[in-house]
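Trainee: Quick one, fold the following:
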Amino acid sequence: MTDKRDTSETALLVAGPTRARMLYIASLLVILLLGGSFVALIGLGLIVSGEGPFVGVFLFGGVIIDFVMIVGLLLDLGRNQYWIDGTTVVERRIRSNRRRDLLTEPIRADETPRLIIGETGTRPMVLPLRDPYRNGKPIAAHHLRALADIVSNRPDGSDEGIRDIAEGLREMAADPFGLRH
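Mentor: Okay, the predicted model is just below:
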C-alpha cells in the first residue's frame, strides 16, 4: 500500500517506535503473558490446595506486577508520531490523527522544550522538540527551521511572543545542544 501524502511538503518530526522496537515489545508481551499465566496457575493451585496461602499470595502478586509491565509496554508502543504537512502539524495517535494548523492555532512554548499548539480549554497538542526515540536528541535542524518559518509567517507574526518562539526554534536549530551562550 502506498502513502498518498505529498512527500514534498511533508516532514517527519518525531518518528515513533521503529519496527525493531515494535517486534521487541511484541516478543516481551508474549513472554510476559506466558510467564504470567504459569505463575497464576501455580499461585491459584497453592491457594486452593491450602499448601501455603502466603506463597500463593506472593505468586499472585507476581502476576499483578506482570500485568503492570504489560500495560507499560503497550503504552510505550502507542507513543505518538508527529509530522508537518504544509502548515499543519499532524499527530498520529493510537486511535486517530490530530491536526493543528500552525498559522491559526494559538502557540506557546515551554522550557522542556516543546511547542504547545491549541486552545488552553481544549486538549492542546504537545509537540516535543527533542525526540524521545532518539534519547532526547533534538529533532533535525531543517525541521526546526521549517517550524520557525511557518510560525513567523502567521498573521500575528509581529507579536513579540510569536517572534520569540520563532527565534528560539532557529537558535535550537543552530545550536541543538545549547553549547553556545
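Trainee: Which stretches in this structure count as helices?
Mentor: Using DSSP state H, the helices of the chain run over residues 19-49, 53-77, 141-152, 160-174.
Trainee: Packed most tightly, which of those would that be?
Mentor: Neighbour counts averaged per stretch over the helices of the chain are highest for helix 141-152, at a mean of 18; criterion: mean count of other Cβ atoms under 10 Å. C-beta coordinates here come from the backbone N, C-alpha and C atoms, glycine included.
Trainee: could you say what helices and strands it packs with?
Mentor: strand 10-14, strand 81-85, helix 160-174 (3 or more Cβ pairs under 8 Å, 6 or more residues apart in numbering; DSSP states H and E).
Trainee: Just put these in a markdown table and tack on distance to Gly50 and mean pLDDT.
Mentor: Converted to a markdown table, the helices and strands packed on helix 141-152 look like this (distance: least, Cβ to Cβ, whole Å; pLDDT from 0 to 100):
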| stretch | distance to Gly50 | mean pLDDT |
| --- | --- | --- |
| strand 10-14 | 54 | 71 |
| strand 81-85 | 52 | 88 |
| helix 160-174 | 64 | 91 |
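Trainee: Switch these over to JSON lines; also include distance to Leu46.
Mentor: Formatted as JSON lines, those follow (distance: least, Cβ to Cβ, whole Å):
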{"stretch": "strand 10-14", "distance to Leu46": "47"}
{"stretch": "strand 81-85", "distance to Leu46": "45"}
{"stretch": "helix 160-174", "distance to Leu46": "57"}
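Trainee: quick one: which of the ones you listed is nearest Arg145?
Mentor: helix 160-174 (4.9 Å; Cβ to Cβ).
Trainee: one step back: looking at the helices and strands packed on helix 141-152, which is nearest to Ile31?
Mentor: Of the helices and strands packed on helix 141-152, nearest to Ile31 by Cβ to Cβ is strand 81-85, at 26.1 Å.
Trainee: how about that closest one as CSV, C-alpha atoms only?
Mentor: As requested, the backbone C-alpha atoms of strand 81-85 are provided in CSV (Å, rounded to 0.1, in the frame of the first residue of the first chain):
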residue,chain,number,x,y,z
GLN,A,81,4.4,10.3,15.8
TYR,A,82,4.4,13.9,14.5
TRP,A,83,5.0,15.3,11.1
ILE,A,84,4.5,18.6,9.2
ASP,A,85,2.0,18.6,6.3
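Trainee: Pairing partners for it, with directions?
Mentor: Next to strand 81-85 in the sheet, as set by DSSP bridges, lie strand 10-14 (antiparallel), strand 88-92 (antiparallel).
Trainee: Can you give me the domain boundaries for this structure?
Mentor: 19-77, 81-174 (automatic domain parsing).
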